[in-house]
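Asker: starting from these lines, generate the structure:
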Amino acid sequence: MLDSDLAMLYGVSTKKINQAVKRNIDRFPSEFMFQLTDNEKKEVVTVCDHLQKIKYSPYLPFAFTEHGVIMVASILNNSQAVAVSIQVVRTFVKLRSVLLSHKELAKKIEEMEEKYDEQFRIVFAAIKALMKEEEKPRNPIGYKI
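Answerer: Numbering: from 1, shown residues only. Prediction:
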């Protein structure tokens, strides 16, 4: 997540987030936060319409990983930041559990496929086809440049 998106979520200015991060830089190792390069900034602005406001900013935005997002909330003295960080943690936990259950389901189907004979091959093929349909990437919305 970019610093401007976090600022909107936490109800503070981007400047306040960046100042707090710089005052507590030892809490943000490279796996928690990094600064975009000029080319990365241009690419992100091109792809994400909601980031047009940073297009002409002289500053390169900071990008935060899951852990960085939580760390930002811990350094802000703001009740909204605490509430949002709790929701972020819950979202990431739910996302992990969904991904893990999908992998476990695929593994169990493969084990069952090896165990049963030819008459169930059609059933397993249908289940695999349904699982692959969920994995197909969606077509982007908007105009291609």
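Asker: now do the strands in this structure.
Answerer: Using DSSP state E, the strands of the chain run over 33-35, 62-64.
Asker: reformat those strands as TSV; add mean neighbour count and distance to Arg96.
Answerer: The way it works is simple: take the backbone N, C-alpha and C, and place the C-beta from them, glycine included. Shown next, in TSV, are these (neighbours: other Cβ atoms under 10 Å; distance: least, Cβ to Cβ, whole Å):
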stretch	mean neighbour count	distance to Arg96
strand 33-35	16	21
strand 62-64	21	18
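Asker: for Glu111, which of the ones you listed is the nearest?
Answerer: Ranking the strands of the chain by proximity to Glu111 (Cβ to Cβ) places strand 62-64 first, at 39.2 Å.
Asker: look at Lys55 and say how many residues are nearby.
Answerer: Here the number of neighbours of Lys55 (other Cβ atoms under 10 Å) works out to 11.
Asker: the one 3 residues further on too?
Answerer: Using other Cβ under 10 Å, Pro58 has 4 other residues around it.
Asker: Leu100 too?
Answerer: 10.
Asker: nearest to Leu105 among the strands of the chain would be which one?
Answerer: strand 62-64 (31.5 Å).
Asker: buried residues, stretch 31-43. List them.
Answerer: Phe32, Met33, Leu36, Lys41 (16 or more other Cβ atoms under 10 Å).
Asker: nearest residue to the last one other than its sequence neighbours?
Answerer: Using Cβ to Cβ, 6 or more residues apart in numbering and skipping residues adjacent in sequence, the residue nearest Lys41 is Leu60, 5.8 Å away.
Asker: look up how far Gln35 lies from that neighbour.
Answerer: Using Cβ to Cβ, to the nearest Å, Leu60 is found at 5 Å from Gln35.
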